[in-house]
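# Predicted coordinates and the sequence they were generated for:
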Amino acid sequence: MTTSTLTRPTATAVAVRARDVVRTYGRGDAAVRALDGATVSIPAGRFTAIMGPSGSGKSTLMHALAGLDSVDAGQILLGDTDLTSLDERARTLLRRDRIGFVFQSFNLVPTLTARENIVLPLTLAGRRPDPERLDRLVATLGLADRLRHRPGQLSGGQQQRVAVARALITRPEIVFADEPTGNLDSQAAEALLGFLRQAVDEFGQTIVMVTHDPHAAAYADRVVFLADGRIDGELDAPTVPAILSRMARLAAPAASGAN
Ligand SMILES: Nc1ncnc2c1ncn2[C@@H]1O[C@H](COP(=O)(O)OP(=O)(O)OP(=O)(O)O)[C@@H](O)[C@H]1O
């Protein structure tokens, strides 16, 4: 037994699942079926990447799984909670209490210091940070000497690490990251992906990341591929060559024979 208070969920536990989810944008001739019967299970305590061609529905799926958007049909289950049965206000509370987010554009509050940004989700919920958790996150992310700085005084990589600390501070059931390395140079991107990996391995965090980048996806335990609004396969223990080969097949389905 370790002294850690964090227990790793069993491999079979599911953090969130989508069942036959349909999401259509627009109406009539202009209607786009962004999700067309998407069914997927995201395991708890693992790092899952979502990939697929542009327009395949990755962002729409992530927004649906995170309760950021409603769906037209199907079910989204976060643990035992059916998000599709909740109204907007209940979904907002659920996001605040149970979900963390990291966006490509960092989304930090420019007038607050790094520390204030990190603890903001707790402040908004009227809670105080657990000092041990805060110290550990700040040390792990290399932000100890940047806590009094405002976002404008930080590099892109540092800003995104603040955003990761903010996403993790509440011990959310699941963290959704939408192209988190999209605005970072390759060195800062590698560092950030290393921290996400560490959050899964050391904190038992569940992370779902949408990305276009096979190198980023290779940090995940599993890649889920989307094509035309449906799940088109999964890859465990992904490597860059294996991801590239799957993506090439998704991009040119008519040219590839079966298998
Ligand atoms: N608000 C919207 N109104 C109309 N159509 C939309 C809207 N959002 C997305 N779509 C359409 O739904 C489909 C799926 O979009 P989505 O953004 O989920 O794809 P994606 O895989 O994340 O794409 P990308 O990799 O280019 O970001 C696309 O055809 C897109 O044009």
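Here it is on my side, so go on.
# Next to the ligand, which bits of this structure? Give me the list.
25-26, 32, 34, 52, 54-60 (C-beta under 6 Å from any ligand atom). Any C-beta I mention is one placed from the backbone N, CA and C, and that applies to glycine too.
# Farthest pair within these?
Gly26 and Gly52 (20.4 Å; C-beta to C-beta).
# Those two: which has the busier surroundings?
Gly52 (25 against 10; other C-beta atoms under 10 Å).
# If we ignore the residues flanking it in sequence, what's nearest that one?
Counting by C-beta to C-beta, 6 or more residues apart in numbering, Leu226 is the residue found nearest to Gly52 once chain neighbours are left out, at 3.4 Å.
# Specify the beta-bridge partners of the one you found.
When bridges are called by DSSP bridges, Leu226 pairs up with Ile231.
# contacting residues around it?
38, 50-52, 56-58, 61, 232 (C-beta atoms under 8 Å, 6 or more residues apart in numbering).
# Repeat the analysis, applying 7 Å as the threshold.
50, 52, 56-58, 61, 232 (C-beta atoms under 7 Å, 6 or more residues apart in numbering).
# Of those residues, which belong to helices?
Using DSSP state H, the members of the contacts of Leu226 that fall in helices are 58, 61.
# Just the buried positions in stretch 217-228, please.
Under the neighbour-count criterion of 16 or more other C-beta atoms under 10 Å, stretch 217-228 has 217-228 buried.
# which helices and strands does the helix or strand hosting Ala216 pack with?
Assigning secondary structure by DSSP states H and E places Ala216 in helix 214-217. Helix 214-217 makes packing contacts with helix 240-251 when contacts are defined by 3 or more C-beta pairs under 7 Å, 6 or more residues apart in numbering; DSSP states H and E.
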